[in-house]
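Give me the fold of what follows.
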Amino acid sequence: MTDFFKKGEIVSVQVTQPIGTALSYKVPSEGCYLGSYVQVTLGQKEVIGVVWGLSTINLEADKIKVILKTLKIKPMTNELMNFLEKVSLYTITPLSSVLRLATRVPNLGSAEVMNKKYSFSSDEIKKLTTSRSKVLNFLKENHNLNFELSEIVKKCGVSPSVIHGLVSLEAISVDYTPKDQEFLSLNPFVKGKLLTDEQTLAVKKIRGAGTCNTILLNGVTGSGKTEVYLECIADCIKENKQALVLLPEIGLTAEFLARVEARFGARPGEWHSGINVTERRRVWKMVSQGKLQLVVGARSALFLPFQTLGLIVVDEEHDHSYKQDDGVLYNARDMAVFRGSLSTARVVLASATPSLESWVNARKGKYFGVNLEWRYGGATLPSITAIDMRSESLSSGKWISPTLLDKIKEKLEKGEQTLLFLNRRGYAPVTICRSCGEQISCNQCDSRMVQHRFVERLICHQCGKTSKIPNKCNSCNSDNTLSVVGPGIERLAEEVTKLFPTARIGVLSSDLFSTPASLRKQLSEIENGNIDIIVGTQLVAKGHNFPKLTLVGVIDADLGLQGADLRAAERTFQLINQVSGRAGRQNKAGETLIQTYDPEHRVIRALLEADLEKFWSLEASDREKAGAPPFGRFAGIILSGANLKNVEDIGKILFNNSTNLRNSGVQIFGPAPAPFSRIKGKYRQRMLVKAEKDFPIQRFLKNWVLTLKSQKGVRIQIDIDPYNFL
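Reported below is the predicted structural model:
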């Protein structure tokens, strides 16, 4: 780092508070560098900031405050500073908000101290209070982890005396370790799994990709994409560089960590919402010192302070959960490619069903395409058959067709597993009064309350509000007139239980697992063959390996095809392909049965023909004709506020002020009520901006929209490359 600022110089400091601009401070006696993390006074608070360069603002020197202290942390690299600025410009988000993503770690400036950690020791105590049982069960679920006292108190809802009592009984052990203890080194020279000829060729192609920084690793489900990019990680570590693997689901982390440990002899760092605050600080510090070779994490791991980033892997790169839908609205896949280009790190995008954007980029030569067409170990891809529900005899309130029912019976007799897939959480999406027709809705949102009978609550899937399931209608006061309409995953599980009372049934839905450990436990039960029938939502589609699973039944293949979503066909095709890919991964053939009322729909036909290239070609052709992404640019404008008239007024003003934009060939649709027109008590309207591929949309939007940022209590969000239009 060559940019050193001496005592008394005035520097620009970027803070994470939403003030919209950098602030000027005097350099303290010890001096500081460009990128130094500093502690400064902001109003009555002391906050963390980053030195962003010399100040260009003319202020009287005696009115400028001095930086309180320079933190003993390696300064932010030029590469990361550049990346944060680019993300800010691309997403039209204040730099302070983006910087918050890169500094979201507790006690960043505190000195290293010894840490008192608690972990499970023994459960031989015979008489336990409810509080003590809570604590022991929590620690047993997380047997390999240590926790601070405050974390156990918060997660278990108990007082510190409960933990101290268990320590005295030796049911909990106490250890003292440095808070920022170094990770064990990964050994890249340990030989991995024996690769197939196709995998070996894929690794060779990636190594020889030349100046092309981004690789699309397109491999069928079960083809061994993970082993291919583990070899890329080994190459990266051999070069003394750091690597990052992004996963779309926390539930995938444990399985992947185990594979990394088996391959390299040590565990990498984790970065996601499930890790405790101490581990979060430790990972951040070790990454910033260049001492952590590999991080496995969620999308926010992309903003860690890597010193020598050499590889970024985006696993399941098509997954929509990589798109952040609040705060800084970014797509981690696209920003990974961005960061890779700035740091000269290689980026590997891996998927069995790539996003259309990545597929098109590979076809155009912007990305380097590497394909895996065969399953590992000689396993075959599952056959896919459609069940035409128009010709099936199905009783009211039943969702499993006779054809699918017979197949499930056949698998049970053979001792093989079945997965029934329905992408709808809860028991039923609608609760209606048979007397007056009133549907139970959320009073904060334009959304129905969803019954969740496993927890005996009504839950709004938009704002999270919960309430008891009532016995009578709140509108007409009638007793026993409330009925449910439509199936959710819990209602399907209820039907399966009645049909197969002796079968062992497991339900996989994101809302049923309070911790990653509880999800891991259920996945382990499935992998070990202790579950006969799995009933699951899209959680089951994300990379899990169920060796005894041979049948997948898709309960409602038409569900995702409803509505006018740009990506409805793409998402449905990807999701059903991924779910189907869970079957037949070992030496037994797998099969998938799709229940549909529209077997001639082009998505269903493409699934039956198993011709992915044909589907992408048709989808690309349709998008190109429509000028839609990836052949054109979209931006969403979301207006929200407590007063509907104010929201509507701002929408009209925006449209009336868009003459220059429209004269430049840009199309503007709306304003119109959003599909969910009220969430958390805020009314919502949307506008859609459509432009040609090379149009500088950010510059025009910034000039057009940001002048109205704080009008009439209306919030204005800009979503570049929107992934949903709700």
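
Pull out the buried positions in stretch 701-710.
By neighbour count on 16 or more other CB atoms under 10 Å, the buried set for stretch 701-710 is 701, 704, 705. The way it works is simple: take the backbone N, C-alpha and C, and place the C-beta from them, glycine included.

and residue 390, how many residues sit next to it?
9 (other CB atoms under 10 Å).

show me what contacts it?
The contact partners of residue 390, by CB atoms under 8 Å, 6 or more residues apart in numbering, come to residue 597.

Look up how far residue 599 lies from it.
9 Å (CB to CB, to the nearest Å).

cool, residue 344 as well?
For residue 344 relative to residue 599 (CB to CB), the value is 49 Å.

Likewise for residue 443?
In terms of CB to CB, residue 443 sits 41 Å off from residue 599.

cool, residue 106 as well?
For residue 106, the distance to residue 599 - CB to CB - is 54 Å.

Who has more neighbours out of those two?
residue 599 (18 against 11).

which non-adjacent residue is nearest the more buried one?
residue 386 (4.5 Å; CB to CB, 6 or more residues apart in numbering).

got it, and residue 139?
Nearest non-adjacent residue to residue 139, counting by CB to CB, 6+ apart: residue 120, 3.7 Å away.

Need the phi and psi values for residue 536.
Here is the backbone geometry of residue 536 (degrees, to the nearest 10): phi -140, psi 160.

and it, what are its bridge partners?
Legend: beta-bridge partners of residue 536 under DSSP bridges are residue 421, residue 508.

Tell me which helix or strand the residue nearest to residue 599 sits in.
Assigned by DSSP states H and E, residue 386 belongs to strand 383-388.

list the buried ones in that strand?
Under the neighbour-count criterion of 16+ other CB under 10 Å, strand 383-388 has 384, 386, 387 buried.

which strands and helices sit next to the helix or strand hosting residue 342?
Here residue 342, judged by DSSP H and E, is contained in helix 332-343. Contacts defined by 3 or more CB pairs under 8 Å, 6 or more residues apart in numbering; DSSP states H and E place helix 332-343 against helix 78-91, strand 309-315, strand 346-351.

got CSV for the ones you listed, with mean pLDDT too?
Formatted as CSV, the helices and strands packed on helix 332-343 follow (pLDDT from 0 to 100):
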stretch, mean pLDDT
helix 78-91, 97
strand 309-315, 97
strand 346-351, 97
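
Of those, which is nearest residue 424?
Among the helices and strands packed on helix 332-343, strand 346-351 comes nearest to residue 424, with 24.0 Å by CB to CB.

Do me a favour and average the pLDDT over whatever helix or strand comes next after the closest one.
Moving toward the C-terminus from strand 346-351, the next helix or strand (DSSP H and E) is helix 356-363. Taken as a whole, helix 356-363 has a mean pLDDT of 97.

now do stretch 520-540
pLDDT averaged over stretch 520-540 gives 89.

quick one: contacts of it?
141, 249, 251, 254-255, 408, 412, 417-425, 489, 492-493, 496, 500, 503-510, 513, 544-549, 575, 579, 582.

Okay, buried residues for it please.
Within stretch 520-540, the residues that qualify as buried are 520, 522-523, 526-527, 531-540, counting by 16+ other CB under 10 Å.

Greatest separation within these: which pair is it?
By the measure CB to CB, 532 and 538 form the most distant pair in the buried residues of stretch 520-540, at 21.5 Å.

that older thread, can you list which of the contacts of stretch 520-540 are found in strands?
417, 418, 419, 420, 421, 505, 506, 507, 508, 549 (DSSP state E).

which two from the residues you listed end up farthest apart in space?
507 and 549 (15.2 Å).

ok, the two, which is more surrounded?
residue 549 (27 against 20).

Residue 167 versus the residue nearest to the more buried one when sequence neighbours are not counted, what's the distance?
Leaving out its chain neighbours, the residue that sits closest to residue 549 by CB to CB, 6+ apart is residue 417, at 4.3 Å. Taking CB to CB as the measure, residue 417 falls 42 Å from residue 167.

Next: residue 79.
According to CB to CB, residue 79 and residue 167 sit 45 Å apart.

So which of the two has more stuff around it?
In this view residue 79 and residue 167 are compared by other CB under 10 Å, and residue 79 has more residues nearby, 18 against 15.

What values do phi and psi take at residue 612?
phi -70, psi -40.

What pLDDT is listed against the residue nearest the centre of the chain?
Of all residues in the chain, the one closest to the mean position by CA atoms, centre = their mean is residue 321, 3.7 Å from it. With respect to pLDDT, residue 321 scores 93.

so it sits right up against residue 247, yeah?
No - contact criterion CB atoms under 8 Å: residue 321 and residue 247 do not qualify, at 9.6 Å.

The helix or strand hosting residue 262: what's the following helix or strand?
According to DSSP H and E, residue 262 maps onto helix 253-264. Reading on from helix 253-264 to the C-terminus, the next helix or strand found by DSSP H and E is strand 269-271.

can you pull the buried residues of that next one?
Within strand 269-271, the residues that count as buried by 16+ other CB under 10 Å are 269, 270, 271.

which one of the residues you listed is nearest residue 239?
residue 269 (18.7 Å).

Listing request: residues of the protein with sub-threshold pLDDT.
Along the chain, segments meeting pLDDT under 70 span 1-2, 110-115, 143-144, 177-179, 563-564, 709-710.

how does it divide into domains?
Domain segmentation of the chain under automatic domain parsing yields 4-76, 114-178, 197-375, 379-424+487-619, 427-486, 632-720.

Mind putting these into CSV with distance to residue 98?
Putting the domains of the chain into CSV (distance: least, CB to CB, whole Å) gives the following:
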stretch, distance to residue 98
domain 4-76, 9
domain 114-178, 28
domain 197-375, 6
domain 379-424+487-619, 26
domain 427-486, 26
domain 632-720, 13
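
between the ones you listed, which gets nearest to residue 102?
For the domains of the chain, the distance to residue 102 is smallest for domain 197-375, at 4.3 Å, taking CB to CB.

Show me what the helix or strand encompassing residue 217 is packed up against.
Counting by DSSP H and E, the element that carries residue 217 is strand 214-219. Applying 3+ CB pairs under 8 Å, 6+ apart, we find strand 214-219 packed against helix 197-207, helix 225-238, strand 346-351, helix 356-363, strand 368-372.
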